[in-house]
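> have a look; sequence and predicted model below, questions after that.
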Amino acid sequence: MSRTKVMLFVCSLIALLCAPPASAAGGDVPKVLQCLSCHGKEGRKTGEKEGVAPPMVDPGVLERSVHSGSLCTSCHAEAAEIPHREKPGKVTCGSCHESEARSYQASIHGIDFLKGEPDVPGCTTCHGKHDVLSVDDPRSVSFSLNIVDVCLGCHEDEKVEMEHALPGIEYFKAYRDSVHGMAVKKAGLNVAAVCPDCHGNHKILPADNPESKVNRLQIPSDCGKCHPGIQKDYDESIHGRGLRAGIMDSPVCTNCHGEHTIAKITDPSAKVYAKNIPSTCGSCHESEVISSRYALPKKRFSTFMDSFHGIALEYGMTKTANCASCHGYHLVLPSSDPQSQVNVNNIPTTCGQCHPKTSANFARGKIHVEVSREGHKGVWMVRVFYTLFITALALLFILHIGFDLIQRKRDRKGKRAGSGEE
């Protein structure tokens, strides 16, 4: 190729690159480079009109995003005409992401967003704008280790909490110190449960909505995504069966473990810490209303706390037996079930966990003993006797000490009187 032809080729290429953007009137769709000639870093001043610079887009950020291969007009349809006569309208992500858009519009966020609420999160809040990355990318705003800060960015805002009558800042902040929050924050475990795992991604609904992932009926399966073995035991338990039968008083995971405050079982603040288990179980089993409604044995908490095990636990002996030690944790079954740990045939084995060399005699005695005339008259009579006996004995000691003090006082007066006579 001659030098003249080479020069013509180079000049033509330069002219093509430097040519002004073609308008839509000419039938051409503006390319990314054409848009960046005004909106990119280098060409920012080129598009100034009446002293107002156009919005800047970092070409490097755009190149790294998941939308790097798309035309600008895919999102900014009104920008097809160059130069723009009017400012392009808001981007509609649903034009490409139809399913996600439908889910979002049905969510508590989407409903308020469509009403024009200014502080409600939209697509860009959780995914970014020109810097949208895959949710699997650690740099993504919506990556599992980053999304908590995004959600709490609103839910730790006192103004937002008050305006929308939400539970309160401390309720949401508690997640950070929970076993899940610590796994994310300190250990960097991206398999730990974060906000979308429990509440959903786009279709976030209030707990009283039957379709909500945090509705009582959905909680076991929601938690079971990460804890399948425990869900299996729960589903087979009397609690799981009751829930499936429509008994809404049946406890679910959050009743025993909490919601945002879930802590390790070794943490004294945990609802399932050894010393706290009786009160956790007792919140239902000590309730007169629940016991009467479902014909359950009454006063389970008070009778346990009145027992040797309960007293020992109250004094800090956390290795002593509690409700879960005897009844099980998740696979709680009625005593009539042959698989139950408190079935008459299984009690020696259950008690044998702490008391070696147990025999069948362990199954003969009463466990939850209600000390009353109607319940266990013999035990009641012994308790009444000892209550009266110990009270009388204490009074006699007090009288004895009182009389002794009076006598000592008289003796001192007598000595002083005798000294004066001498």
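Done, it's in.
> what segments of this structure are strands?
Shown for the chain, no strands are assigned by DSSP state E.
> low-confidence regions, it specifically.
In the predicted model, the chain carries pLDDT under 70 at residues 1-30, 41-52, 375, 420-422.
> kindly list the longest helix within it.
Secondary structure of the chain per DSSP state H: the longest helix is helix 377-421.
> from the chain's centroid, how far away is that one?
Distance of helix 377-421 from the chain centroid (C-alpha atoms, centre = their mean, to the nearest Å) equals 59 Å.
> stretch 61-76 now?
Per C-alpha atoms, centre = their mean, the centroid offset for stretch 61-76 relative to its chain is 36 Å.
> not counting that stretch itself, show me its contacts.
Outside of stretch 61-76, the residues within contact range by C-beta atoms under 8 Å, 6 or more residues apart in numbering are 29-32, 35-36, 79-80, 88, 91, 93, 96, 128, 130-134. (Each C-beta comes from the backbone N, C-alpha and C, glycine too.)
> and for stretch 186-194?
143-145, 147-148, 180-181, 183-184, 226.
> narrow those residues to just the buried residues.
Buried members of these, counted by 16 or more other C-beta atoms under 10 Å: 143-144, 147-148, 180-181, 183-184.
> among these, which are located in helices?
Within the buried ones among the contacts of stretch 186-194, residues falling in helices by DSSP H are 144, 147-148, 180-181, 183-184.
> what's the most distant pair in those residues?
Farthest apart among these by C-beta to C-beta are Ile147 and Ala183. That separation is 14.1 Å.
> count of neighbours near the closest residue in space to Ser340 that isn't next to it in sequence?
Setting aside the residues directly before and after it, Ser340 is nearest to Leu333 in space (C-beta to C-beta, 6 or more residues apart in numbering), at 3.8 Å. Residues lying near Leu333 (other C-beta atoms under 10 Å) number 20.
> go on, the one 4 residues further on?
For Asp337, the number of neighbouring residues by other C-beta under 10 Å comes to 16.
> that one - nearest residue in space that isn't next to it in sequence?
Asn343 (6.4 Å).
> show me the contacts for the one you found.
333, 335-337.
> equivalent analysis for Asn146, please.
So Asn146 contacts 138, 140 (C-beta under 8 Å, 6+ apart).
> how much space between it and His260?
18 Å (C-beta to C-beta, to the nearest Å).
> what of Met305?
From Met305 over to His260 (counting by C-beta to C-beta), the distance is 29 Å.
> again with Val184
With C-beta to C-beta as the criterion, Val184 and His260 are 13 Å apart.
> what residues are shared contacts of those two?
The overlap between the contact sets of Val184 and His260 (C-beta under 8 Å, 6+ apart) is empty.
> centre-most residue in this protein?
Centroid-nearest residue in the chain, with C-alpha atoms, centre = their mean: His260, separated by 3.2 Å.
> so who does that one touch?
Going by C-beta under 8 Å, 6+ apart, His260 touches 171-172, 174-175, 178.
> how near is it to Lys31?
48 Å.
> could you list the buried residues of stretch 381-393?
Buried residues in stretch 381-393, defined by neighbour count with 16+ other C-beta under 10 Å: none.
> list of residues touching it?
By C-beta under 8 Å, 6+ apart, stretch 381-393 touches Val371.
> repeat for stretch 85-104
Stretch 85-104 has contacts (C-beta under 8 Å, 6+ apart) with 74-79, 105, 110, 113, 123-124, 201-203.
> one more time with 6 Å
Stretch 85-104 has contacts (C-beta atoms under 6 Å, 6 or more residues apart in numbering) with 75-76, 78-79, 110, 123, 202-203.
> distance of the residue nearest to Asp137 when sequence neighbours are not counted relative to Cys126?
Of all residues not flanking Asp137 in the chain, Phe143 sits nearest, at 6.2 Å (C-beta to C-beta, 6+ apart). Phe143 is 11 Å from Cys126, where distance means C-beta to C-beta.
> what's the answer for Pro334, then?
Counting by C-beta to C-beta - Pro334 and Cys126 are separated by 46 Å.
> do the same with Gly89
21 Å.
> so these two - more neighbours on which side?
Using other C-beta under 10 Å, the more surrounded residue of Gly89 and Cys126 is Cys126, with 21 against 10.
> next, the contact list for the more buried one, please.
With C-beta under 6 Å, 6+ apart, Cys126 has these contacts: 142, 150.
> Ile311: which of the ones in helices among the buried ones among the contacts of stretch 186-194 is nearest?
His180 (34.7 Å).
> check contacts around the closest one.
His180 neighbours (C-beta under 6 Å, 6+ apart): 192-193.
> try it again at 8 Å.
By C-beta under 8 Å, 6+ apart, the contact list for His180 reads 192-194, 262.
> now the residues you listed in a markdown table, please, with extra columns for neighbour count.
What follows is the contacts of His180, written out as a markdown table (neighbours: other C-beta atoms under 10 Å):
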| residue | neighbour count |
| --- | --- |
| Ala192 | 20 |
| Ala193 | 22 |
| Val194 | 22 |
| Ile262 | 23 |
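> quick one: which two of those are the most distant?
By the measure C-beta to C-beta, Val194 and Ile262 form the most distant pair in the contacts of His180, at 12.8 Å.
> number of residues surrounding Asn361?
8.
> and it, how far from His355?
Using C-beta to C-beta, Asn361 is found at 11 Å from His355.
> what residues of stretch 132-144 count as buried?
Within stretch 132-144, the residues that count as buried by 16+ other C-beta under 10 Å are 132-133, 135, 140-144.
> out of those residues, which comes closest to Leu405?
Looking across these and measuring by C-beta to C-beta, the closest to Leu405 is Ser144, at 73.8 Å.
> roughly how far apart are the closest one and Pro138?
9 Å.
> likewise for Ala245?
44 Å.
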